[in-house]
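> need a structure here:
(one chain, ligands or ions: 2)
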Amino acid sequence: MFDSLRKKISNAIGSIVKSEREEEGASAEGAAAYAQKAEEERTEVVETAGAEKEEEKLPVEERKENETVTETAKEEKPESPAVEPLIEKAKKEEKMKLSLSTRLKGVFSKEVKLGESDIDNFTDELMLTLLQSDVSYETTDKFINSLKETLKSSTFESRNIREGVSDCVRSELSKVLKEGMPKEQLLHIVKGRLDAGMKPVSIMFLGPNGTGKTTTMAKIAYMFKKNGISSVFSASDTFRAAAIEQTSFHASKIGMPVIKGSYGADPASVAFDAIEYAKAHSSDTVLIDTAGRQETNKNLLNEIKKMERVAKPDITIYVGESTAGNRIAEQVAEFLKYIKIDGIILTKLDCDAKGGNAISLSDVTGLPIFFFGTGEGYEELMEFNPSFIIDSLVPN
Ligand SMILES: Nc1nc2c(ncn2[C@@H]2O[C@H](COP(=O)(O)OP(=O)(O)O)[C@@H](O)[C@H]2O)c(=O)[nH]1
Ligand SMILES: [Mg+2]
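Ligands and ions are numbered 1, 2, ... in the order given. Take a look at the predicted model:
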């Protein structure tokens, strides 16, 4: 589901470790070459193969990020002839991604502190990945800045840098996702209202054309039924051809009543009738379908305002397509100018979605994501679960 984004994040994390390994290889080569040269030129150097051992004596812990190693080596170890050329060689390695300071800290101790340039390289790559995967700019920026601070203040086991960096990414991601966590899942909200005798609970589904409003409404009815909650459909999409038949089809498959008007009828009055029917038949919920409307169509947005006034839905859910990327946040913002929205369902996560908007949508809109739609079947509805998203995105 989040496969492509997971792969990219994994590659970004992998690159920090790969470059470290490459560098270790480069320095080993350098050590051998320079050790040999030093042997030829300076007979007084006894332990030529011990270039690394010589390095080990350097007091790197106190070294500041941008301090040049050559200077420090000169000051601290003038008697180590094999070290200087070795470090010079390492400094010239333009391909190296990890900074010298990170590498040296890694070589000399089991604990590694990432150098600033490595953190910048890694977070730049991650930032690009997130933006390309539809995470919003605002969320990405916030996340990356916070991650940078965490990486700067963290030390990693030199053999487990990947795991350490993954953990940092996981914990930062968790902060973003937990902010968007619904206070209560939809089922609990409805059960709470029913327990309090507030019956029927009416839920209206709205959003642009073809996002999956009717299908999602049917999935919710199916979920309610499985939990002992009865529903009535209000076929209030009286605009799109075959919409009433589609709602009726779902109703008969799930085994529940549907209240319909004729095409062109006032959708608000159909919803009103459905609520009256539910009251008369002691139904627990009324699920109100609506016609799709683009966020740019002011007439249709005004019509939804009327729906709200007449039907007075208890819960309003925006149904958006995850494939629409960052546009959803803008669409929701437009809808919010006309009507209150309680939560979002993000459909078609199984399709070609990059998945990033699942991370940032709540952050940007301030609304919880109640569910993801993950297919066309009635059961293909997944509750928003930050741990699941993190596990799907970041390698352990
Ligand atoms: N793959 C996939 N298809 C979906 C999902 N939700 C809805 N659809 C399909 O999207 C199309 C439009 O759905 P529909 O409910 O008619 O959208 P509406 O116009 O917003 O009511 C239909 O073919 C649905 O089967 C989903 O989560 N995954
Ligand atoms: Mg529909």
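> Pull up the gap between the closest residue to E125 other than its chain neighbours and ligand 2, please.
What sits nearest to E125 in space, not counting adjacent residues and going by CB to CB, 6 or more residues apart in numbering, is A12, at 4.7 Å. (Each C-beta comes from the backbone N, C-alpha and C, glycine too.) A12 is 39 Å from ligand 2, where distance means CB to the ion, to the nearest Å.
> right, and A12 touches F122 too?
Yes - with contact defined as CB atoms under 8 Å, A12 reaches F122; the gap is 6.5 Å.
> neighbour-wise, which of the two wins?
F122 (24 against 21; other CB atoms under 10 Å).
> Please name the residues that touch the more buried one.
F122 sits next to 12-13, 15-16, 114, 151, 165 when contact means CB atoms under 8 Å, 6 or more residues apart in numbering.
> and it, helix, strand or coil?
With DSSP: H, G, I helix; E, B strand; the rest coil as the basis, F122 sits in helix.
> just R6 next, same as before
R6 ends up helix, using three-state DSSP.
> Chain neighbours aside, what residue packs nearest to it?
Take R6 and drop its neighbours on the chain: the residue closest to it by CB to CB, 6+ apart is L393, 5.1 Å away.
> Equivalent analysis for L177, please.
In space, L177 comes closest to P386 once its chain neighbours are excluded; the distance is 3.7 Å by CB to CB, 6+ apart.
> per-residue confidence for the one you found?
The score at P386 is 88. That number is its pLDDT.
> Against ligand 1, how distant is it?
Shown here: P386 relative to ligand 1, a distance of 20 Å by CB to the nearest ligand atom, to the nearest Å.
> Quick check, that residue in contact with P182.
No - counting by CB under 8 Å, P386 does not reach P182; the two are 10.7 Å apart.
> Let me know the secondary structure of the closest residue to ligand 2 within the chain.
Ranked by CB to the ion, the top residue of the chain for proximity to ligand 2 is T214, at 3.3 Å. Secondary structure state of T214, per three-state DSSP, is helix.
> For it, give me its contacts.
Contact analysis of T214 by CB under 8 Å, 6+ apart lists 205, 237, 243, 246-247, 250, 289.
> now the residues you listed as TSV including neighbour count, secondary structure and distance to S158?
As requested, the contacts of T214 are arranged in TSV below (neighbours: other CB atoms under 10 Å; DSSP: H, G, I helix; E, B strand; the rest coil; distance: CB to CB, whole Å):
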residue	neighbour count	secondary structure	distance to S158
F205	26	strand	53
D237	22	coil	61
A243	21	helix	62
Q246	17	helix	60
T247	23	helix	61
H250	23	helix	58
D289	28	coil	58
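> Pipe these into JSON lines and attach distance to ligand 1 and pLDDT per row.
Listed next are the contacts of T214 as JSON lines, based on distance: CB to the nearest ligand atom, whole Å; pLDDT from 0 to 100:
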{"residue": "F205", "distance to ligand 1": "8", "pLDDT": "97"}
{"residue": "D237", "distance to ligand 1": "7", "pLDDT": "92"}
{"residue": "A243", "distance to ligand 1": "7", "pLDDT": "93"}
{"residue": "Q246", "distance to ligand 1": "6", "pLDDT": "96"}
{"residue": "T247", "distance to ligand 1": "9", "pLDDT": "95"}
{"residue": "H250", "distance to ligand 1": "9", "pLDDT": "97"}
{"residue": "D289", "distance to ligand 1": "7", "pLDDT": "96"}
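> filter the residues you listed down to the ones close to ligand 2.
When contact is defined as CB under 5 Å from the ion, those meet ligand 2 at D237.
> Including distance to H281, could the contacts of T214 go into a markdown table?
What follows is these, written out as a markdown table (distance: CB to CB, whole Å):
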| residue | distance to H281 |
| --- | --- |
| F205 | 21 |
| D237 | 22 |
| A243 | 23 |
| Q246 | 23 |
| T247 | 18 |
| H250 | 19 |
| D289 | 19 |
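> quick one, strands of the stretch 151-300 of the chain?
With DSSP state E, counting those that start in this stretch as the criterion, the stretch 151-300 of the chain has strands at 156-157, 201-206, 231-235, 258-260, 285-288.
> Among those strands, show the one with the smallest mean pLDDT.
Among these, strand 156-157 scores lowest, with a mean of 87.
> before we move on, back to that, residues in contact with the residue nearest to L177?
Per CB under 8 Å, 6+ apart, neighbours of P386: 174, 177-178, 181.
> since we're on the residue lying closest to Y338 once chain neighbours are set aside, how many residues are nearby?
With sequence-adjacent residues excluded and distances taken as CB to CB, 6+ apart, Y338 is closest to L301, at 4.5 Å. L301: 18 surrounding residues under other CB under 10 Å.
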